[in-house]
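Q: Next come a sequence and a model predicted from it.
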Amino acid sequence: MKYIQETMKESIITAINEKFDIQKDEIEFSIPPKRDFGDLSTTIPFILAKKHKQKPFLIGKEIIELIKDKFSFVDDIKLANGGFINFYFNKNYFLKDIFSNKDRAIEKTGRKIIVEHTSINPNKSAHIGHLRNSCLGDTLVKALEYTGNEVEIQNYIDDTGIQLADVVWGVLKHQNKTLDEIKKIDNLSSYLWKLYTEVHKLSDDDGILLEQKKTLHQRIEDKKNPEYEMGDFISKAVTTDHINVMNKLGIRYDLLIKESDIITLDFFKEASEILKKTGIMYLSDDPKKENCWVIKYKKENIEKIIIRSNGTITYIGKDIAYTLWKIGHFTKDFFYTAFYKYEDEKTIYISEDKKTDTDDKLMNNFGKADMVYNVIDTRQSYLQNIILQILNTLSNNTNSRNFSHFSYEMVALTQNCAKEMGFDISEEQKEKSFVEVSGRKGIAIKADDLIDRMKNKALIEVEKRNTDLKKEQINSIAEKIAIGALRYFMIKYNSKSLIVFDFDEVLAFEGDTGPYLQYTLVRINSILNKIGDDNLNIGDNLNIDLLEKDELSDYYNNLLNLSLLEHQIDFAIKSDEISLISNYTYSICQKFNNYYHKYPIVSEKNKEIKNLRISLLLLTKNRLEKLFSILGIPVPERM
RNA sequence: GCACCCAUGGCUCAAUGGAUAGAGCAGCUGACUUCUAAUCAGCAGGUUGGGCGUUCGAGUCGCUCUGGGUGCGCCA
């Protein structure tokens, strides 16, 4: 449909541009809400009515006269409701066009895009809040790849942060453990999860302790042992745990960037030169900010301090430097080494502050992107907006977008859920309609625990329905269902809506859920198995007019919706809204399931009608498989 | 105080300024000797928080009020 629309736009412009003034990007098509209104609709008359100060109805009539014979695949064009131009396609042409183009390769854009997501503090297990980030980020990655972009997936490791220092203090000073002892701990992330909340409780209002932690934090940053060594081990071990959990969900990374390397290599120096030279960063006149280098945040008219009066850099400075590096504003680069290998040998690299043995060829390929996505929750909007402002100023070129704070609302818990988990909730929090997730307070569901819980629920269902299967098969199916359910749940909501988490909702496997989608595709595969490969020779001789009126309408409805795939994915990316992809997938399944119940396929006697139905089946399968791979939803063999 | 976000059936959410505001859950009724009932069909449920405005057309845009949330440090 994307291609049909493009051709139509061009033909329309050529046909009418002598009489009417219209640009290509002003023309928009939409699928009409009712079949009676045709197959594709445009509101050009309304747009022109404003420009030419005429009635939309009259303009519409004139346009139709000008374009009526221009399209071989359009049977009829009608004017409706005061100015809508509705196109009625030749249905057979349309069917053949979609069917023969279903595997058409997407053109490469030649653009390199960096997506940073996950970026969990490496001091404890991943939890549901992180899952939303990673699922959104990964789906974004896959959608960008699908549309022909080269994507580099980065995961930022804050290995010098206070959060890490907290647990290092916990093991060294509070528990007096040595590095060797720590190395022996099974499931370190989970162990630290508990320790972290303990440390947080202890130091809440203990001044001496806070001072001690501050010193320790500085020693990590200065790479002094044993603190540095311990921090380095913990952050790498925990990061590995995070990579493993995410891998279960099909979420992967190309490169880890350590904050310590940004500091050690003094990336900020180069960033600082750029910012000073362009006047973006300047010495403040404000007496309260004497000797501070600041950036003016225009939106709120605030001077944000970047370099403190003592010469040290604030938090955002590192982020600015990192982003400038990503977009290729730097001459400086990191060094790299291999960090992790997936089962298929694909490697995750990690940044280093000095030369390593890793092959040089790989080193030069990181960074230097045409576009950068930072997947970070909405609470960081202020800082991300400052970065956006800097990049906009630097690139003067206002119409090409090269940075997106891909933001989303946080995940919280229902009061019920928090109670069920036995969390210690403050009185203040109890008054609210939800409980904020907090790693520090231990108020969150760990990713591992959630996946296990979902798998167990799926296991019961699979066992009930498939008594003939072996244990491993049941296990593998249950795992796929759990993953599908979780990934769909995490992205189906609009990114601006707060997810108030409850087990009932994530464990629902009926209705608007991942398993519903999976069930649809499993069923399609099962029908195709019954039909057998021999009977799948769908030729060019499909004739949609053989269908009865009602079926024709249902069939065509499915077809039109299926034709929107490319358009929907483009639109989701353009609007920074991943849930559009899951919504679209759901609509395909709903329409197909309805069709399936009305019209038999395997038992249909009329060969031509059977072929028509099979072709719809194949087309639906084709679309769903593409969408599932973008959404990261696995396809179980049976359900 | 300033900035940003949100408000749509009982609940959870859709809707690209467009035609009669759609789904799922919960409730009720019905469909498995017929391609998997994790499914499907039907019933019921709406003044899109209030007001004003822009527009041929507003759930969607602007202003305003109300209610909720988040952010705003020489912390990270």
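A: Cool, the structure landed. All figures in this text were calculated on a predicted structure; none of them were measured in a lab. Residues are numbered from 1 along each chain as shown, chains lettered A, B, ... in the order given.
Q: Now do the buried residues in the longest helix that chain A contains.
A: The residue-count maximum for a helix in chain A (DSSP state H) belongs to helix A:607-631. The neighbour-count check on helix A:607-631 (16 or more other Cβ atoms under 10 Å) flags A:609-624, A:626-628, A:630-631 as buried. For the C-beta atoms, the positions are set from N, CA and C on the backbone; glycine is no exception.
Q: packing partners for that helix?
A: Here helix A:607-631 touches helix A:91-100, helix A:128-146, helix A:471-491, helix A:514-531, helix A:549-562, helix A:565-574, helix A:579-598, going by 3 or more Cβ pairs under 8 Å, 6 or more residues apart in numbering; DSSP states H and E.
Q: hmm, 7 Å instead?
A: On a contact count with 3 or more Cβ pairs under 7 Å, 6 or more residues apart in numbering; DSSP states H and E, helix A:607-631 meets helix A:91-100, helix A:128-146, helix A:514-531, helix A:549-562, helix A:579-598.
Q: Dump these into JSON lines; add mean neighbour count, distance to RNA strand B and mean pLDDT as well.
A: Rendered in JSON lines, the data for these read as follows (neighbours: other Cβ atoms under 10 Å; distance: least, Cβ to the nearest atom of the strand, whole Å; pLDDT from 0 to 100):
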{"stretch": "helix A:91-100", "mean neighbour count": "18", "distance to RNA strand B": "17", "mean pLDDT": "91"}
{"stretch": "helix A:128-146", "mean neighbour count": "23", "distance to RNA strand B": "12", "mean pLDDT": "98"}
{"stretch": "helix A:514-531", "mean neighbour count": "19", "distance to RNA strand B": "3", "mean pLDDT": "96"}
{"stretch": "helix A:549-562", "mean neighbour count": "17", "distance to RNA strand B": "10", "mean pLDDT": "93"}
{"stretch": "helix A:579-598", "mean neighbour count": "18", "distance to RNA strand B": "4", "mean pLDDT": "97"}
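Q: Would you point out the helix or strand in chain A whose mean pLDDT is lowest?
A: Least confident element among the helices and strands of chain A, by mean pLDDT, DSSP states H and E: helix A:360-363 (a mean of 64).
Q: after it comes which helix or strand?
A: Sequence-wise, the next helix or strand downstream of helix A:360-363 (DSSP states H and E) is strand A:371-375.
Q: Where does pLDDT dip in chain A?
A: Counting by pLDDT under 70, chain A contains low-confidence ranges at A:204-205, A:359-364, A:397-399, A:534-537, A:539-540.
Q: Please verify my assumption that A:Phe366 contacts A:Leu256.
A: No. Applying Cβ atoms under 7 Å, one finds A:Phe366 not in contact with A:Leu256, separated by 10.8 Å.
Q: from the stretch 101-250 of chain A, which residue is nearest to RNA strand B?
A: A:Gly161 (3.7 Å; Cβ to the nearest atom of the strand).
Q: my guess is that residue meets A:Asn121, correct?
A: Yes. Using Cβ under 7 Å, A:Gly161 is in contact with A:Asn121, at 6.0 Å.
Q: Same drill for these two, tell me which one is more crowded.
A: Of the pair A:Gly161 and A:Asn121, A:Asn121 is the one with more neighbours under other Cβ atoms under 10 Å, namely 23 against 20.
Q: any idea how far A:Gly231 is from the closest residue to that one other than its chain neighbours?
A: Spatially, and ignoring its direct neighbours in sequence, A:Asn121 is nearest to A:Gln163 (4.2 Å; Cβ to Cβ, 6 or more residues apart in numbering). Relative to A:Gly231, A:Gln163 is positioned 11 Å away (Cβ to Cβ, to the nearest Å).
Q: Between the two, point out the one with more neighbours.
A: A:Gly231 (29 against 19).
Q: if I pick the more buried one, what's in contact with it?
A: By Cβ atoms under 7 Å, 6 or more residues apart in numbering, the contact set of A:Gly231 is A:159, A:164, A:168, A:220.
Q: so A:Val151, which of the three states?
A: strand (DSSP: H, G, I helix; E, B strand; the rest coil).
Q: so how many other residues sit close to it?
A: 20.
Q: likewise A:Ser603?
A: 7.
Q: Is it located within a strand, as I assumed?
A: No. A:Ser603: not assigned to a strand; according to three-state DSSP it is coil.
Q: about what we covered before: and the residue of the stretch 101-250 of chain A closest to RNA strand B, what are its phi and psi?
A: phi -80, psi 170 (degrees, to the nearest 10).
Q: Please tell me how far it sits from A:Met230.
A: 14 Å.
Q: Please enumerate the helices of the stretch 51-200 of chain A.
A: A:56-67, A:91-100, A:128-146, A:162-169, A:179-183, A:188-203 (DSSP state H, counting those that start in this stretch).
Q: Output the set of residues of the stretch 51-200 of chain A in proximity to RNA strand B.
A: By Cβ under 7 Å from any atom of the strand, the part of the stretch 51-200 of chain A that sits against RNA strand B consists of A:56, A:80-84, A:86, A:158, A:160-163.
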